[in-house]
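Undergrad: With the input below, show me the fold.
(one chain, ligands or ions: 1)
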Amino acid sequence: MRTSGDGVRRGGGDTEDKWPDCLRLGHELAAMGSDGAELRRRYREVLLGDGPSPAERPLRVLVLGAGIAGLCTAYVLRRAGHDVHLIEADPDRIGGRLAARTRSPFRDPLLHADAGGVSIPDSHALTLSLVDGLGLRRRPAVPAVVPTGYTAVDLLDAVLDAVGDYHEAETPDGRVVGWARLVHDLDGLSLGRFLTEWAGLDTAAVSAIGRLEHAGYRMSMSFVDFYLHHLHAGPRAARWEIEGGSWRLPYAFGPVLDDMVSLDRRVTRIEYYDPARPTAEYTRVAPGGPRVWVETLSSRGRREGFAADAAVVTLPFAALRQVRIEPSLPAAKRRAVMALRYEPVTTVQLEFDRRWWEFSEDEWQRELDALSPGLYDRYAQARTRRVTRSGATNRLASFPGGPVPGSDGGVVLASHARAGGAVRWEALSPDDRYARALRGLQEVYGDRVEAFYTGHGATGSWTTGEAVLAPGQLTAHHLAAVAPIGPLHFAGEHTSLKRSSIEGAIESGVRAALAVDDQHRLAPTREPVCGGAHR
Ligand SMILES: Cc1cc2nc3c(=O)[nH]c(=O)nc-3n(C[C@H](O)[C@H](O)[C@H](O)COP(=O)(O)OP(=O)(O)OC[C@H]3O[C@@H](n4cnc5c(N)ncnc54)[C@H](O)[C@@H]3O)c2cc1C
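TA: Down below sits the predicted model:
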């Protein structure tokens with residue numbers, strides 16, 4: 001059943017009420033599409049070019065959370081001359097979900113592995129510019145193995161191509177309205193309902209699509225959220241990886257940010273002055289400043305207070321729900337914070353002492369026979385297991401794009417599971433995870449890969465791995481999630497339309513920095529407020 005947004009009802013009721021929000025979302029979405037070059041250029045200039053012009057009256061700004069979103073916010077504001085202080089709960093490191101394994105768990109100490117974000121789709125131009133601008137080296141990631149013939153990937157592409165008709169208009173205005181209609185018509189649908197009711201697929205086709213990447217667990221979640229992800233980072237997207245690991249990105253800002261970060265400060269309380277509620281009971285903030293006061297708790301139980309003129313909150317909403325905020329946030333914002341669902345993510349990495357994924361057949365023979373003469377033939381004669389059921393395979397295996405200098409081996413991300421899949425992996429001990437992950441690789445690449453497994457692996461779980469939207473939540477909550485409340489601004493991947501990506505986090509950080517800077521220029525504080533964020 002295809003519905004069309006061409007005739008948006010004007011007679012009252014929900015449909016009409018939703019349209020202004022759909023249009024605002026249309027603007028934001030059009031700016032992320034192919035026509036969004038201007039906004040992207042502006043963000044790139046702000047982040048890597050001259051940045052905003054120097055602030056005449058620097059603001060004291062607290063940035064809560066030193067993930068990549070918070071670091072980008074701090075970087076932009078610092079370069080505009082504001083007095084910025086980053087507050088981070090982790091006692092040892094910055095970077096949030098861009099993280100390295102703390103110590104190499106592998107037999108070869110030269111090898112390393114990312115514990116969080118791994119690769120960057122080619123369409124994520126801001127991230128790639130930042131990587132280049134900060135002097136990091138990158139290389140193409142090994143593309144995912146997409147089976148030949150007409151596959152579920154082709155079927156999904158064909159169905160989603162038809163959705164592209166909504167927003168591929170000639171003019172910028174046409175694209176804004178097209179995106180708005182897409183949101184209007186499709187935001188209420190889950191991926192499963194979209195595939196069956198809108199696209200008219202039968203159960204077998206839906207089930208085949210469900211085996212792709214993470215489509216399975218998203219069947220009951222928002223179709224539009226899935227579509228946006230697919231558009232920029234689907235299975236066919238070319239990808240890049242940062243040499244040495246993505247965890248290097250947060251550290252590449254270098255000394256510019258060093259003196260601004262306070263580690264081991266978990267934010268437990270925020271008080272803010274909201275001009276929209278002048279009569280609320282304020283104890284530590286006032287109209288003349290400070291307008292924000294933040295209390296933190298260290299791992300040793302030490303409490304500290306920080307005051308500022310504005311704050312940018314980049315904590316994942318799951319973490320923000322644990323923070324006491326006074327006065328309480330307006331109802332729409334509270335609902336947006338409470339409603340966002342996070343899915344756990346579990347990764348399993350295995351170390352191999354040879355990079356067999358790069359082997360030609362001749363190299364397989366040479367390397368196996370070097371281990372034991374005739375081994376190549378013995379593997380060839382044994383019945384090789386092949387994938388028959390998707391449930392048996394690892395989710396989203398990926399291989400490093402090149403060698404680590406000085407090492408013949410490499411680390412394979414053997415599984416990257418989310419939601420229920422992650423929970424199933426979490427039920428296993430690390431050793432059982434490695435054994436199962438190896439079996440999963442063997443099912444796809446043959447039993448012989450075991451010959452190069454060193455017996456070492458790494459595994460990690462993130463409870464707030466990925467923010468996902470339920471049907472209807474884009475229109476219900478996105479605008480409220482992003483909106484500033486008085487001196488509080490909000491960033492982090494969950495406030496972007498490129499959710500669960502480094503790009504979304506960076507964009508949100510730049511957007512929030514510009515909003516703080518703009519707000520200050522429009523309404524300068526009464527007193528010059530130079531000097532450190534005081535405790
Ligand atoms: C396993 C995994 C694989 C991924 N793979 C990719 C990928 O290949 N490509 C891609 O583009 N993206 C990937 N992502 C997503 C990407 O890593 C994230 O979208 C991005 O890093 C989020 O950045 P952020 O700054 O918004 O949030 P975060 O990195 O979560 O930063 C939030 C910060 O707030 C801190 N914090 C939390 N609570 C408090 C508190 N109370 N007080 C003070 N500080 C607090 C946290 O410690 C953290 O440092 C992956 C994520 C995971 C988990």
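Undergrad: Poorly predicted segments of this protein, please.
TA: Within the chain, the ranges that satisfy pLDDT under 70 run 1-16, 32-37, 102-103, 143-150, 213-214, 383-396, 521-535.
Undergrad: Would you mind giving the domain segments of it?
TA: Dividing the chain into domains by automatic domain parsing, as the record does, gives the ranges 14-23+146-233, 61-96+249-340+470-522, 119-123+343-467.
Undergrad: Quick check: which of the ones you listed is nearest to the ligand?
TA: domain 61-96+249-340+470-522 (2.0 Å; Cβ to the nearest ligand atom). The C-beta positions use only the backbone N, C-alpha and C, and glycine is treated the same way.
Undergrad: about what we covered before: quickly compare the domains of the chain and say which is most buried.
TA: Counting by mean count of other Cβ atoms under 10 Å, domain 61-96+249-340+470-522 has the highest mean neighbour count of those, with a mean of 20.
Undergrad: Quick check: phi and psi on residue 239?
TA: The phi and psi values for residue 239, taken as degrees, to the nearest 10, are phi -130, psi 160.
Undergrad: So it versus the ligand, what's the distance?
TA: Using Cβ to the nearest ligand atom, to the nearest Å, one obtains 8 Å as the distance from residue 239 to the ligand.
Undergrad: quick one: that residue and residue 117 touch, right?
TA: No - taking contacts as Cβ atoms under 8 Å, residue 239 lies outside contact range of residue 117: 11.6 Å.
Undergrad: who's more crowded, these two?
TA: Taking other Cβ atoms under 10 Å, residue 239 and residue 117 do not tie; residue 117 has more neighbours (24 against 19).
Undergrad: can I get the CA coordinates of the helix or strand that contains residue 518 in PDB?
TA: For residue 518, the element it lies in under DSSP states H and E is helix 502-522. Below are the C-alpha coordinates for helix 502-522, written out as PDB (Å, rounded to 0.1, in the frame of the first residue of the first chain):
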ATOM      1  CA  ILE A 502      31.400   9.400  13.800                       C
ATOM      2  CA  GLU A 503      30.100  11.800  11.100                       C
ATOM      3  CA  GLY A 504      26.900  12.500  13.000                       C
ATOM      4  CA  ALA A 505      28.800  13.100  16.200                       C
ATOM      5  CA  ILE A 506      31.200  15.600  14.500                       C
ATOM      6  CA  GLU A 507      28.400  17.400  12.700                       C
ATOM      7  CA  SER A 508      26.400  17.700  15.900                       C
ATOM      8  CA  GLY A 509      29.500  19.100  17.700                       C
ATOM      9  CA  VAL A 510      30.100  21.800  15.100                       C
ATOM     10  CA  ARG A 511      26.400  22.700  15.000                       C
ATOM     11  CA  ALA A 512      26.300  23.100  18.800                       C
ATOM     12  CA  ALA A 513      29.500  25.200  18.800                       C
ATOM     13  CA  LEU A 514      28.100  27.500  16.200                       C
ATOM     14  CA  ALA A 515      24.800  27.800  18.200                       C
ATOM     15  CA  VAL A 516      26.700  28.800  21.400                       C
ATOM     16  CA  ASP A 517      28.800  31.300  19.500                       C
ATOM     17  CA  ASP A 518      25.800  32.700  17.600                       C
ATOM     18  CA  GLN A 519      23.700  33.000  20.800                       C
ATOM     19  CA  HIS A 520      26.600  34.900  22.500                       C
ATOM     20  CA  ARG A 521      26.900  37.300  19.500                       C
ATOM     21  CA  LEU A 522      23.200  38.000  19.500                       C
END
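Undergrad: near the ligand, which residues of the stretch 251-400 of the chain?
TA: 266, 267, 314, 315, 316, 319, 323, 345, 347 (Cβ under 6 Å from any ligand atom).
Undergrad: possible to save those residues as TSV with secondary structure and distance to residue 452?
TA: What follows is those, written out as TSV (DSSP: H, G, I helix; E, B strand; the rest coil; distance: Cβ to Cβ, whole Å):
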residue	secondary structure	distance to residue 452
266	strand	43
267	strand	46
314	coil	41
315	coil	42
316	coil	38
319	helix	40
323	coil	47
345	strand	27
347	strand	20
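Undergrad: check contacts around residue 105.
TA: Each residue near residue 105 by Cβ atoms under 8 Å, 6 or more residues apart in numbering is listed here: 456, 457, 458.
Undergrad: Let me know the closest of those to residue 415.
TA: Within the contacts of residue 105, proximity to residue 415 (Cβ to Cβ) peaks at residue 457, which comes in at 10.4 Å.
Undergrad: There's contact between that closest one and residue 435 in this structure, I believe.
TA: No - shown here, residue 457 and residue 435 do not form a contact pair, counting by Cβ under 8 Å, at 9.4 Å.
Undergrad: With secondary structure added, can I get the contacts of residue 105 in CSV?
TA: Formatted as CSV, the contacts of residue 105 follow (DSSP: H, G, I helix; E, B strand; the rest coil):
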residue, secondary structure
456, strand
457, strand
458, strand
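Undergrad: Which one of those residues is nearest to residue 138?
TA: Nearest to residue 138 out of those is residue 458 (Cβ to Cβ; 22.3 Å).
Undergrad: contacting residues for the closest one?
TA: Residue 458 sits in contact with 101, 105, 106, 113, 115, 348, 349, 411, where contact means Cβ under 8 Å, 6+ apart.
Undergrad: quick one: the closest residue to the ligand within the stretch 101-250 of the chain and residue 250, what's the gap?
TA: Closest residue of the stretch 101-250 of the chain to the ligand, Cβ to the nearest ligand atom: residue 117 (2.9 Å). Here the criterion is Cβ to Cβ, to the nearest Å. By it, residue 117 lies 10 Å from residue 250.
Undergrad: where do the contact lists of those two overlap?
TA: Shared contacts of residue 117 and residue 250 (Cβ under 8 Å, 6+ apart): residue 98.
Undergrad: residues in this structure within reach of the ligand, list them.
TA: Within the chain, the positions adjacent to the ligand are 64-70, 87-90, 96-98, 116-120, 266-267, 314-316, 319, 323, 345, 347, 462, 465, 492-493, 500-503, 505 by Cβ under 6 Å from any ligand atom.
Undergrad: How many residues are close by the spatially closest residue to residue 80 that is not a sequence neighbour?
TA: Computed as Cβ to Cβ, 6 or more residues apart in numbering, the closest residue to residue 80 that is not its neighbour in sequence is residue 52, at 4.2 Å. Using other Cβ under 10 Å, residue 52 has 20 other residues around it.
Undergrad: Enumerate every residue touching residue 52.
TA: Contacts for residue 52 were tallied using Cβ under 8 Å, 6+ apart; they are 46, 76, 79, 80, 513, 514, 517.
Undergrad: quick one: the fifth one and residue 69 touch, right?
TA: Right, residue 513. No - if you go by Cβ under 8 Å, residue 513 and residue 69 don't touch, sitting 10.0 Å apart.
Undergrad: quick one: contacts of the helix or strand where residue 159 lies?
TA: According to DSSP H and E, residue 159 maps onto helix 152-164. Residues outside helix 152-164 that contact it (Cβ under 8 Å, 6+ apart): 146, 182, 186, 195, 199, 201, 205, 208-209, 211-212, 215, 227, 230-231, 234-236.
Undergrad: cool, stretch 110-117 as well?
TA: For stretch 110-117, contacts defined as Cβ under 8 Å, 6+ apart pick out 95-101, 104, 106, 244-247, 347, 349, 351, 404-407, 409-411, 413, 458, 460, 462, 501-502.
Undergrad: Can you tell me which of these end up in helices?
TA: Among the contacts of stretch 110-117, DSSP state H puts residue 502 in helices.
Undergrad: gap between the residue nearest to residue 80 and residue 424?
TA: Going from residue 52 to residue 424 by Cβ to Cβ gives 47 Å.
Undergrad: And for residue 303?
TA: Separation of residue 303 from residue 424 (Cβ to Cβ): 40 Å.
Undergrad: what's the answer for residue 367, then?
TA: Separation of residue 367 from residue 424 (Cβ to Cβ): 33 Å.
Undergrad: Would you confirm that residue 330 contacts residue 488?
TA: No - between residue 330 and residue 488 there is no contact under Cβ under 8 Å: 10.9 Å.
Undergrad: what's stretch 371-378 in contact with?
TA: Contacts with stretch 371-378, where a contact means Cβ under 8 Å, 6+ apart, come from 364, 365, 368, 369, 448, 451.
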